[in-house]
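**Student:** Just a sequence and a predicted model for now, questions to come.
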Amino acid sequence: MSILNFLSGIVKPVTDLIDNITTTDEERERLKNELTKIENEFLGKALEYEGKLLESQSKIIEAEAKGHSWLQRNWRPITMLTFLALVICDSFGLLSFRLNDEAWTLLQFGIGGYVVGRTGEKIVDKIRKT
């Protein structure tokens with residue numbers, strides 16, 4: 001997780017500074033313990049934020065799946081079928097241009113998001129039935 005690396009990157013210089021500034025071992029340990037407590041609070045808030053973010057994303061996907069409009073319910077499958085057609089055409093040289101690396105990266109994220117989204121929808125449906 002990048003947020004964890006970010007927080008560790010902030011805390012490490014402060015910990016090093018505590019080692020250089022404080023005079024006694026007792027004072028050094030007390031400051032390090034306080035810093036660790038602050039770091040843990042930050043990590044807790046970051047994980048809480050990530051959980052809320054995932055929850056809101058799942059609510060969006062659920063709302064789309066239950067939408068009244070045909071297009072609202074089916075835009076993801078249409079998008080993935082379009083990507084599939086582009087990949088097939090690119091593989092057989094039927095396109096007048098080659099898909100560049102960014103298109104392949106977008107395709108990987110799209111397929112990953114689609115698979116995760118559909119899996120999430122199916123899990124939510126099964127949980128609701130039980």
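**Tutor:** That came through fine. Note that this is a predicted model, so its numbers are computed, not measured.

**Student:** Show me the shaky parts of the protein.
**Tutor:** Within the chain, the stretches with pLDDT under 70 are 1-11, 15-20, 22-23, 114-118, 120-121, 124-125, 128, 130.

**Student:** how does it divide into domains?
**Tutor:** By the assignment in automatic domain parsing, the chain contains the domains 2-51, 68-129.

**Student:** To Gln57, which of those lies closest?
**Tutor:** Of all the domains of the chain, domain 68-129 sits nearest to Gln57, with 8.7 Å by Cβ to Cβ. Every C-beta, even on glycine, is put in place using the N, C-alpha and C of the backbone.

**Student:** The closest one: end-to-end distance?
**Tutor:** The first and final residues of domain 68-129 sit 21 Å from each other (Cα to Cα, to the nearest Å).

**Student:** where's Thr105, which helix or strand?
**Tutor:** Element membership for Thr105 (DSSP states H and E) is helix 101-129.

**Student:** Then Leu47?
**Tutor:** helix 25-65.

**Student:** Which helix or strand lies directly C-terminal to that helix?
**Tutor:** helix 70-91.

**Student:** Show me what that following helix is packed up against.
**Tutor:** helix 25-65, helix 101-129 (3 or more Cβ pairs under 8 Å, 6 or more residues apart in numbering; DSSP states H and E).

**Student:** Arg76 is nearest to which of these?
**Tutor:** Of the helices and strands packed on helix 70-91, nearest to Arg76 by Cβ to Cβ is helix 101-129, at 5.7 Å.
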